[in-house]
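Colleague: Can you look at this prediction? I've put the sequence above it.
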Amino acid sequence: MDLQRKLAEIRRKPEHVRLRYTYAAVAISMFFILLLWIFSLSGSIKKTTIQKQNVFEGLDNQKKSLQDATTDVKKSLDSLSSNLQNATPETTPTDEKSAPNDTQLTPPANKPTSDVNATLPDKPLPSYTPGQPPLPQQ
């Protein structure tokens, strides 16, 4: 059967028959297009599912490491607070003799708190100009 003869035969038929051939050709074409689309869609769904599983595994790993870090921080804070409690003495005095008075907390009025003149040199420092060799140390 020759394709040219079949097309010529269809052209000679009435219009309602030609429309049936057209609808049949469109239905067969759409069937194959939908079949291809379904196969590609199922493949992309599988790929997406695998990617989601990988993402969730990564998130689970991050969650576990974050939980480990928080437990480590809590342990270190607990040990730090217990060390601070053991290191600091009791601040509540038990009797009046052990309580500090105001004269012990303030320095004496006749003695300066810092001697500014003690840090200054007795003689002036030698000057240095760029291009000269370095000055000898004394």
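Modeller: Right, received. Where do you want to start?
Colleague: For the longest helix belonging to the chain, which helices and strands make contact with it?
Modeller: As assigned by DSSP state H, the longest helix anywhere in the chain is helix 15-87. Using 3 or more CB pairs under 8 Å, 6 or more residues apart in numbering; DSSP states H and E as the contact test, the elements touching helix 15-87 are helix 3-12. Any C-beta I mention is one placed from the backbone N, CA and C, and that applies to glycine too.
Colleague: remind me which residues of this structure are low pLDDT?
Modeller: Along the chain, the model assigns pLDDT under 70 to residues 1, 88-128, 134-138.
Colleague: I'd like to know how far the residue nearest to residue 11 when sequence neighbours are not counted sits from residue 7.
Modeller: Nearest residue to residue 11, sequence neighbours excluded (CB to CB, 6 or more residues apart in numbering): residue 18, at 7.5 Å. Residue 18 sits 11 Å away from residue 7, taking CB to CB, to the nearest Å as the criterion.
Colleague: more neighbours, the two?
Modeller: residue 18 (13 against 10; other CB atoms under 10 Å).
Colleague: if we can go back for a sec, tell me what angle the longest helix of the chain forms with helix 3-12.
Modeller: Angle, helix 15-87 to helix 3-12, by axes from the mean of the first three to the mean of the last three CA atoms, to 10 degrees: 110 degrees.
Colleague: circling back to that earlier point, gap between the residue nearest to residue 11 and residue 8?
Modeller: Between residue 18 and residue 8 the computed distance is 12 Å (CB to CB).
Colleague: same question, residue 40
Modeller: From residue 40 over to residue 8 (counting by CB to CB), the distance is 38 Å.
Colleague: Residue 61 now?
Modeller: From residue 61 to residue 8 the distance is 70 Å (CB to CB).
Colleague: do residue 67 as well
Modeller: 78 Å.
Colleague: Next up, phi/psi of residue 132, please.
Modeller: phi -90, psi 150 (degrees, to the nearest 10).
Colleague: Now do it: how many residues are near it, please.
Modeller: The burial count for residue 132: 8, using other CB under 10 Å.
Colleague: Next one: residue 85 from residue 63, what distance?
Modeller: For residue 85, the distance to residue 63 - CB to CB - is 33 Å.
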